[in-house]
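> Got a sequence here, can you model it:
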Amino acid sequence: MEQVTIRRMLMCKTLMCLPAILMLISEWSHYIKSQEITVDPPKNIRINDTGHLGPLYIHWTAPASLANLTDCSMRYHLEYFNTYQNRWTVIRTVRTWYSAQFDLEKEVRVRISTLLRGACVNGTEIMSPVSETVLTPTFTGPVGSRIQDLKCVFYQKTFMECTWQKGSEEPAHSQRSLHFWHQGMEQAEECPQYIFSNGDRIGCTFSGESLPEFTNFNICVNSSSPQVALRAAFFSLQVQNHVKPAAIEMLHLEAGADRCILVHWDLPHERIPRHCLEHEVEAREEGVDQVLQRNITREMMLNSSLDGAQRKCFRVRSRIHQYCADRGFWSDWSHWSCYPGMPMCPNHQLTISGHHHTVDHLWSPPHS
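Residues are numbered from 1 along each chain as shown. Coordinates of the predicted model:
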């Protein structure tokens, strides 16, 4: 009797599990079928250069085997090697084209796959094999004929100068041409005003009105004559990262509350907003080269004490703060301004027009 009861219990448990077992078998069957489905990669990959000195346009066509696809969605998995960041960048798109910025002095490597998702692949997503294209740059002229040390400085956001050094193998009496492009232009244009040294072109001056910020500004410097083979050089920059503010013209030194020295200054008239600047203040004893105090502040005033010096001198310089650009150049230093001797200040708090201001002394290594 007990054996009969056990067999009936096992049968009941098996019957209860049967729907789950059947569902598992169905899902596994769909999975096996989906693994048997193959998807073709995109065809006819082309990389076009429209003369914008960096942006390239990648085009491709859908595989012919998927031309009549109705019950699945199709998109593409695009990868290109970003030589600026030294890594692969991944894009997924339903379009059959894409544009990206490339360093034209290096290989352009692109990989594209087809992605299918939906009922035609049993509710899964399947990726095709990869189609890969490599575009190798074509160089003319020896490596040593390429220019060196391109440096661009955007002075007070009024004008920008880009200068370079001649290559070590550049032939005598050769001449350079600079072309540039940004998104506000239809085609690349030649330098509007060259900078010369001993009859040679060593740079270019750009007006501030033609310099858009927070977008790629592309530059190519190559030979100005097809008869002279010189290695072309390509650069891409963003002008807001190359700003050099004007120098502070004058410091004002006054006796503050609690017998401190109040150092304050006015900004030059320029296009850089006040909130985009930070300032470095140096202090030293008159006649002594050693720096006694170095502070970085976003305010336009600072309090200080004599620190036992008979006469204390100050100077200040400015640069773009990281909230407004990734980097920038320090302005030139102001002239030194000195204050007569007075007793050492008992604390670092001063009163200006009834308000209390506390300044933290931020020590940092010397800046170049």
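
> Touching, residue 319 and residue 332? I think so.
No - counting by Cβ atoms under 8 Å, residue 319 stays clear of residue 332, with 11.1 Å between them. C-betas here are computed from N, CA, C, even on glycine.

> Looking at the two, which has the bigger crowd around it?
residue 319 (22 against 13; other Cβ atoms under 10 Å).

> Tell me the bridge partners for the more buried one.
Beta bridges link residue 319 to residue 278 when assigned by DSSP bridges.

> residues in contact with it?
Residues in contact with residue 319, defined by Cβ atoms under 8 Å, 6 or more residues apart in numbering, are 244, 245, 277, 278, 280, 328, 329, 330, 331.

> Just give me the closest of these to residue 79.
For those, the minimum distance to residue 79 (Cβ to Cβ) is 33.5 Å, reached by residue 328.

> Could you check how far the closest one is from residue 156?
The spacing between residue 328 and residue 156, counted by Cβ to Cβ, to the nearest Å, is 12 Å.

> go on, residue 289?
Where residue 156 is concerned, residue 289 sits at a distance of 30 Å (Cβ to Cβ).

> Look at these two and report which has more neighbours.
Ranked by neighbour count (other Cβ under 10 Å), residue 289 and residue 156 place residue 156 first, with 17 against 6.

> list the contacts for that one?
243, 244, 245, 246, 268, 270, 271, 272.

> Farthest pair within these?
243 and 268 (13.3 Å).

> Who has more neighbours out of those two?
Neighbour tally, residue 243 and residue 268, criterion other Cβ under 10 Å: the higher count belongs to residue 243, 26 against 14.

> Confidence-wise, which helix or strand of the chain is lowest on average?
strand 349-352 (a mean of 33; mean pLDDT, DSSP states H and E).

> could I get stretch 326-341 in PDB with only the CA atoms?
Extracted in PDB, the C-alpha atoms of stretch 326-341 (Å, rounded to 0.1, in the frame of the first residue of the first chain):
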ATOM      1  CA  ASP A 326      40.000  72.400 -20.100                       C
ATOM      2  CA  ARG A 327      43.200  74.300 -20.000                       C
ATOM      3  CA  GLY A 328      44.800  77.700 -21.000                       C
ATOM      4  CA  PHE A 329      47.900  79.900 -20.800                       C
ATOM      5  CA  TRP A 330      48.800  82.100 -17.900                       C
ATOM      6  CA  SER A 331      48.900  85.800 -18.800                       C
ATOM      7  CA  ASP A 332      52.100  87.700 -18.400                       C
ATOM      8  CA  TRP A 333      52.900  88.800 -14.900                       C
ATOM      9  CA  SER A 334      52.000  92.300 -13.800                       C
ATOM     10  CA  HIS A 335      54.700  94.700 -12.600                       C
ATOM     11  CA  TRP A 336      55.900  94.300  -9.000                       C
ATOM     12  CA  SER A 337      54.100  96.700  -6.600                       C
ATOM     13  CA  CYS A 338      55.600  97.200  -3.100                       C
ATOM     14  CA  TYR A 339      54.200  98.400   0.200                       C
ATOM     15  CA  PRO A 340      56.100 100.100   3.100                       C
ATOM     16  CA  GLY A 341      56.800  98.200   6.300                       C
END
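
> Return the distance of that stretch from the chain's centre.
28 Å (Cα atoms, centre = their mean, to the nearest Å).

> Show me which residues of it are buried.
Buried residues in stretch 326-341, counted by 16 or more other Cβ atoms under 10 Å: 328, 329, 330, 331, 334, 337, 339.

> And the fourth one, how far from residue 244?
Just to be clear, that refers to residue 331. As judged by Cβ to Cβ, residue 331 and residue 244 stand 6 Å apart.

> ranges for the strands of the stretch 51-200 of the chain?
Secondary structure of the stretch 51-200 of the chain (DSSP state E, counting those that start in this stretch): strands at 55-61, 72-82, 87-93, 97-101, 108-118, 124-127, 131-135, 148-155, 159-165, 176-181, 189-190, 194-197, 200-207.

> Might you report the residue contacts of the closest residue to residue 144 other than its chain neighbours?
Counting by Cβ to Cβ, 6 or more residues apart in numbering, residue 144 lies nearest to residue 169, which is 3.0 Å off, once chain neighbours are set aside. Neighbour list for residue 169: 142, 143, 144, 145 [criterion: Cβ under 8 Å, 6+ apart].
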